[in-house]
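Participant: Let me see the structure of the following:
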Amino acid sequence: MTIEIQTKVKTELKALLGLRKIIWFKGIKGRDITDGHTNFYARFAKPGVVIVSRDTDPDSYDYQIKQENIDILKSATDADGNLLELSIIDTPIEINEAFGTKDFAAG
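Facilitator: Okay, the predicted model is just below:
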C-alpha cells in the first residue's frame, strides 16, 4: 500500500470511528487475514497498555512479521504521545502440538 493510500485510509478510519491514533502493522501478502495483524495477537487492555502474543516458533510463516510488529509497538506512542506499555506473552507451543498444526492462531 502506498503512503498516499495509507494516509487516506487512516484519515477515513479516524473520521468514521472517532479515532485519534492508528498504528499501522505489516502483513504478508497472499497469506491469511491474521498474518501478524493486531486482531490476531495484540489486545489493547487499557489506554497505553498492550498485551502482545509473541510467536516463539522461528519456523512459523509469520514469525518474522510478528517480531517486526512488536518492534513497531515498542517504538509507538498512544494518542497523547506517550510510549506504549507492552506486556509480551509467548505463544503456547503446546496448543499447536495438541491440534496437530503449526499454523493454529493461538493469539
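
Participant: ranges for the strands of the chain?
Facilitator: In the chain, the strands defined using DSSP state E lie at 42-46, 49-54, 85-90.

Participant: Tell me which of the ones you listed is the most buried.
Facilitator: strand 49-54 (a mean of 17; mean count of other C-beta atoms under 10 Å). (Each C-beta comes from the backbone N, C-alpha and C, glycine too.)

Participant: Looking at stretch 82-100 now, give me its mean pLDDT.
Facilitator: What stretch 82-100 shows for mean pLDDT is 82.

Participant: same question, stretch 3-20
Facilitator: In this model, stretch 3-20 has an average pLDDT of 93.

Participant: Next, the buried residues of that stretch.
Facilitator: For stretch 3-20, a neighbour-count test (16 or more other C-beta atoms under 10 Å) marks nothing as buried.

Participant: Turn the strands of the chain into CSV, columns for distance to Asp71.
Facilitator: Below are the strands of the chain laid out as CSV (distance: least, C-beta to C-beta, whole Å):
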stretch, distance to Asp71
strand 42-46, 13
strand 49-54, 11
strand 85-90, 11
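
Participant: In the chain, where's the longest helix?
Facilitator: Longest helix of the chain, by residue count under DSSP state H: helix 3-17.

Participant: Show residues contacting it.
Facilitator: Helix 3-17 is contacted by residues 1, 19-20, 22, 24 when judged by C-beta atoms under 8 Å, 6 or more residues apart in numbering.
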